[in-house]
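Chemist: Got a predicted model here, sequence first, then my questions.
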Amino acid sequence: MYEYNVYQEASNEKFLETCQNIESFIPDIVKENPLVDVDGTGIQRYLKGTQEIKVYNDYEVDAVYVESDIELPRLK
């Protein structure tokens, strides 16, 4: 599992930007419907075969971050 801390504060703008970046540089990725947690955290889930990528706009942690089964060098 790879984890990337993208931005040190929850931000809709950075969340959407991160999602767009992932969609643009990973071919054949499947975007699922976005989820919203009870605390307002946004979660975007992607699948590439059996591998999963999740982008979080987490208001509890106050950060935008990614958890991925795939290494994402462009997010480093």
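Modeler: Looks like it arrived, so ask away.
Chemist: Show the pLDDT at the residue nearest to the spatial centre of the chain.
Modeler: The residue lying closest to the centre of the chain (Cα atoms, centre = their mean) is Val55, at 1.5 Å. Per-residue pLDDT puts Val55 at 98.
Chemist: Look up phi and psi at the nearest residue to it once chain neighbours are set aside.
Modeler: Leaving aside its sequence neighbours, Val55 sits nearest to Gln44 (Cβ to Cβ, 6 or more residues apart in numbering; 4.4 Å). Every C-beta, even on glycine, is put in place using the N, C-alpha and C of the backbone. With angles defined as degrees, to the nearest 10, Gln44 sits at phi -110, psi 130.
Chemist: How about the contacts made by Gly42?
Modeler: Residues counted as contacts of Gly42 (Cβ atoms under 8 Å, 6 or more residues apart in numbering) are 12, 15, 34-36, 56-57.
Chemist: circling back: my guess is the residue nearest to the centre of the chain is in a strand, correct?
Modeler: Yes - counting by DSSP: H, G, I helix; E, B strand; the rest coil, Val55 is located in a strand.
Chemist: What's opposite it in the beta bridge?
Modeler: Gln44, Val66 (DSSP bridges).
Chemist: Drop anything exposed from the contacts of Gly42.
Modeler: Taking 16 or more other Cβ atoms under 10 Å as the criterion, what is buried in the contacts of Gly42 is 15, 56-57.
Chemist: What is the nearest of those residues to Gly40?
Modeler: Asn57 (8.6 Å; Cβ to Cβ).
Chemist: Wait, that closest one touches Glu13, no?
Modeler: No - using Cβ atoms under 8 Å, Asn57 is not in contact with Glu13; the gap is 9.6 Å.
Chemist: In CSV, list the buried ones among the contacts of Gly42 along with distance to Leu75.
Modeler: Below are the buried ones among the contacts of Gly42 laid out as CSV (distance: Cβ to Cβ, whole Å):
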residue, distance to Leu75
Phe15, 13
Tyr56, 13
Asn57, 15
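Chemist: And the residues you listed, which is closest to Met1?
Modeler: Among the buried ones among the contacts of Gly42, and counting by Cβ to Cβ, the member closest to Met1 is Tyr56, at 13.7 Å.
Chemist: Thank you kindly, that will do.
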